[in-house]
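Student: Build the 3D model from these lines:
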Amino acid sequence: MMFRLADPITDKRFNRVFLFLFICLFLVAPTYYQDNPGGEGLFLPFNSTVWIAASFLIGLGLLRVVHTGKLVIPSLALPMLTFPVIITLMGALMSVALPVSWMFRLLAIWGGFLVYFSINQFRLERRWQDNLMLVLVASSMVQSLISLAHLYLDHNLWGFIPHSPGIPRGIFQQVNLNASYVATGLLAAIYCLSLPSFRQRHRALRLMIIAAVGLNTLVVATTGSRLGMIAAIAGVLLMLAARYRQLWAGRKALFAALGVVALAAIASLQIETKTGGLLGGVEKFEKMTQSSSDPTRNDVRWMMYDSSLELMLERPITGHGIGRFQPAWHDKKAEYHQQHPEAAILEPRLSHPHNELLYWGIEGGLLALAAIFFVAGAVLWRLWQLGWQRGGAYLALLLPITLHTQVELPFYISQLHWLLFICLIALIASHRRRVASFGLSSFGRATGLAIALVFPVLATVFFTHSLLANKANMDFQLAKVKDVSKLEFPSTNIYFAENTAFLHMQTLLRYGLQTGNTNALNAYIPWAQEHLQYIPDAAVYIGLPLALHKLGRFEEAYRVMDRAIAVYPKGRLTETGKNALNDMDARRGRPPRYQLDNSH
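Tutor: The predicted model follows:
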């Protein structure tokens, strides 16, 4: 459907600014790095810069609507809106265990929805859509180049990219995240080879696309990621099947691409990596199918999925509550290991079952799952309507990240994955759109303009503050002498306030144990007891019984330690805690309570 939103000159200006911001979002923002503790969300610095770029994209979309007095409504608008509305209502009507965490989770979902609508406010004809796909290819190449630096450089770029010698993690600091992102870029490059505009591009751009096919293949292979290999192979086969006519029409480029793929596969076998590369990935496949009576030899994912499914079926309709996954699952974990002694044991705390459907099913029940399936069904129906050649190609592009959501938590660790996924759906939806015209008063236009300008500014201020708060907490963790006054600044950031409190309280605990300061220990105990109700952190599970024992509350200390052992039966922190309690018992003339595991 062709329509005119504004005069051609204004269209071009808006589109140019949009393309510039799109480049900032996928090419510039994801390259930012500073030392960090790892983890999820804003603890990874690039997520903050990605949202800064996304906020300007959202602001530009609103500015476009205000300027034209017309709202472009893409297909899939209803299902895309239904999901955030339903889960927002769920959070409002149900009890929420961690309100701040839920708020940011909700903001990320609504932010993705706003990016989806903002993209579709621009007159994206085929050439413009092709340009956006080229940006995504270039973005994947940037991550591939960072990965090569990880493979070949030890410390030369330390401070500019994550330090990861021998392990190609990209900016994401996690191999599977890097693999799924680069695999998506590989498929985008093959898709670009099939576009009619490919033969009209400058030779440098054509060579870049062919190089991206080889470079991304090399990185996916060297990651040794089972997920990356499955996604790349399945995606390439699907893309070739959907676009074979267009690819055969430009067979010279296709043969060149197949040639660089073969060279990349051979080269990957010659590169030494700590991940084992291509052969390491094949060995991981073999281990997945093996089962043993020795828990240490079994794949921990089966334990996570089986126990999570049992947990979901306990409350299938309403779920266990928003933000209640961690305490509910760790309670289930202790029970599960009693019933299945052969099951693999997961040492670290689990914040997500490594499957998006299980996560929402456990916390939100069938209502949350119904909203997800409604969106998924609508997207698949739209792909069917687009036909095999175009719909099949888009399905291939969605495949790597979709598969990743079923085996890990990409959207929580990397907001770039979330926004890439949203942008691909926005491109799918852009092929059928309608326009709703409306009149705005002078006050309405001024208000809309103010929001469009102020929103990205406020977002930039907050995410910059978050980067500084993250740095302050990191500096505190690395400091040999702990000065708790350094935590005053990060404590003012709503996102990092809880992490700051954790650092403060753990420092207070160490001070209380070393000096016998009862005030410090009495301040730590109630905080730790409340913390464990929502976040079963192993460090707190071990610190609390030590504090209780120091104050002479022996039976309480043993009860907490027994619970820690049930939840983390093989954890190194658990063994440290048992050893510390035994030493404290010995100093008080009490018999040792716990048997130590010599394997630790």
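Student: ok, now how distant is Gln143 from Val219?
Tutor: 8 Å (C-beta to C-beta, to the nearest Å). Heads up, the C-betas are built off the backbone N, CA and C, glycines and all.
Student: what about the two, which has more around it?
Tutor: For Gln143 versus Val219, neighbours defined as other C-beta atoms under 10 Å are more numerous around Val219 (32 against 26).
Student: okay, and the common contacts of Gln143 and Val219?
Tutor: Taking C-beta atoms under 8 Å, 6 or more residues apart in numbering as the criterion, Gln143 and Val219 both touch 178, 182.
Student: Scan the helices and strands of the protein for the one with the lowest mean pLDDT.
Tutor: Lowest by mean pLDDT, DSSP states H and E among the helices and strands of the chain is helix 277-288, with a mean of 64.
Student: Next secondary structure element downstream of that one?
Tutor: helix 300-314 (DSSP states H and E).
Student: what's that next one in contact with?
Tutor: By C-beta under 8 Å, 6+ apart, the list of residues contacting helix 300-314 from outside reads 288, 319-320, 328-329, 332-333, 336, 340, 343-346, 350, 353-355, 358, 361-362, 365, 407.
Student: Next secondary structure after that helix?
Tutor: helix 325-339.
Student: Now do that next one: distance to the chain's middle.
Tutor: 24 Å (C-alpha atoms, centre = their mean, to the nearest Å).
Student: what angle do that helix and helix 300-314 make?
Tutor: Orientation of helix 325-339 against helix 300-314 (axes from the mean of the first three to the mean of the last three C-alpha atoms, to 10 degrees) gives an angle of 110 degrees.
Student: buried set for helix 325-339?
Tutor: Within helix 325-339, the residues scored as buried using 16 or more other C-beta atoms under 10 Å are 325-333, 336-337.
Student: helices or strands next to it in the packing?
Tutor: helix 300-314, helix 356-386, helix 518-534, helix 554-567 (3 or more C-beta pairs under 8 Å, 6 or more residues apart in numbering; DSSP states H and E).
Student: which stretch among those helices comes nearest Ala497?
Tutor: helix 518-534 (12.9 Å; C-beta to C-beta).
Student: buried stuff in the closest one?
Tutor: Quick answer for helix 518-534 (16+ other C-beta under 10 Å): 520-521, 523-525, 527-528, 531-532.
Student: Check stretch 307-323 too.
Tutor: 307-308, 311-312, 315, 319-323.
Student: what sits against Ala564?
Tutor: 538, 541-542, 545, 574, 577.
Student: One more: Leu503?
Tutor: Taking C-beta under 8 Å, 6+ apart as the test, what Leu503 contacts is 473, 476-477, 487.
Student: Buried subset of the contacts of Ala564, written for ChimeraX?
Tutor: A single ChimeraX command selects the buried members of those (16+ other C-beta under 10 Å):
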select :538,541,542,545,574,577
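Student: Turn the contacts of Ala564 into JSON lines, including secondary structure, pLDDT and distance to Gly228.
Tutor: JSON lines is the format used below for the contacts of Ala564 (DSSP: H, G, I helix; E, B strand; the rest coil; pLDDT from 0 to 100; distance: C-beta to C-beta, whole Å):
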{"residue": "Ala538", "secondary structure": "helix", "pLDDT": "93", "distance to Gly228": "30"}
{"residue": "Tyr541", "secondary structure": "helix", "pLDDT": "94", "distance to Gly228": "35"}
{"residue": "Ile542", "secondary structure": "helix", "pLDDT": "94", "distance to Gly228": "36"}
{"residue": "Pro545", "secondary structure": "helix", "pLDDT": "96", "distance to Gly228": "42"}
{"residue": "Thr574", "secondary structure": "helix", "pLDDT": "89", "distance to Gly228": "33"}
{"residue": "Gly577", "secondary structure": "helix", "pLDDT": "91", "distance to Gly228": "37"}
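Student: wait, doesn't Ile23 sit right on Val135?
Tutor: Yes - in this structure Ile23 lies within contact range of Val135 using C-beta atoms under 8 Å: 5.6 Å.
Student: Isn't Leu124 up against Ser430?
Tutor: Yes - Leu124 is within contact range of Ser430, at 5.4 Å (criterion: C-beta under 8 Å).
Student: pLDDT of the host helix or strand of Thr447, averaged?
Tutor: Using DSSP H and E, the element containing Thr447 is helix 442-478. The average pLDDT within helix 442-478 is 95.
Student: How far does it sit from its chain's centre?
Tutor: Counting by C-alpha atoms, centre = their mean, helix 442-478 comes out at 21 Å from the chain centroid.
Student: Repeat that for stretch 418-436.
Tutor: So, by C-alpha atoms, centre = their mean, the centroid of stretch 418-436 is 21 Å from its chain's centroid.
Student: name the helices or strands packed onto the host helix or strand of Ser180?
Tutor: For Ser180, the host element (DSSP H and E) is helix 175-194. Secondary-structure packing of helix 175-194 (3+ C-beta pairs under 8 Å, 6+ apart): helix 126-152, helix 203-223, helix 226-242, helix 244-249, helix 251-270, helix 388-405, helix 410-413, helix 415-429.
Student: Hey, what's the angle from it to helix 388-405? Just curious.
Tutor: 170 degrees.
Student: between helix 175-194 and helix 126-152, how big is the angle?
Tutor: 140 degrees.
Student: any idea of the mean pLDDT in helix 175-194?
Tutor: 96.
Student: ditto for stretch 45-53
Tutor: For stretch 45-53, the per-residue pLDDT averages 98.
Student: now do stretch 243-259
Tutor: pLDDT averaged over stretch 243-259 gives 91.
Student: just the CA coordinates of that stretch, formatted as PDB?
Tutor: What follows is stretch 243-259, C-alpha atoms only, in PDB (Å, rounded to 0.1, in the frame of the first residue of the first chain):
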ATOM      1  CA  ARG A 243      15.600 -17.700  -1.800                       C
ATOM      2  CA  TYR A 244      17.100 -20.200  -4.200                       C
ATOM      3  CA  ARG A 245      15.700 -18.600  -7.300                       C
ATOM      4  CA  GLN A 246      17.100 -15.100  -6.400                       C
ATOM      5  CA  LEU A 247      20.400 -16.600  -5.200                       C
ATOM      6  CA  TRP A 248      20.700 -18.600  -8.400                       C
ATOM      7  CA  ALA A 249      20.100 -15.500 -10.500                       C
ATOM      8  CA  GLY A 250      23.200 -14.000  -8.900                       C
ATOM      9  CA  ARG A 251      25.100 -17.300  -8.800                       C
ATOM     10  CA  LYS A 252      28.500 -15.800  -9.000                       C
ATOM     11  CA  ALA A 253      28.000 -14.100  -5.600                       C
ATOM     12  CA  LEU A 254      26.500 -17.300  -4.300                       C
ATOM     13  CA  PHE A 255      29.500 -19.400  -5.400                       C
ATOM     14  CA  ALA A 256      31.800 -16.800  -3.900                       C
ATOM     15  CA  ALA A 257      29.900 -17.000  -0.600                       C
ATOM     16  CA  LEU A 258      30.000 -20.800  -0.600                       C
ATOM     17  CA  GLY A 259      33.700 -20.600  -1.200                       C
END
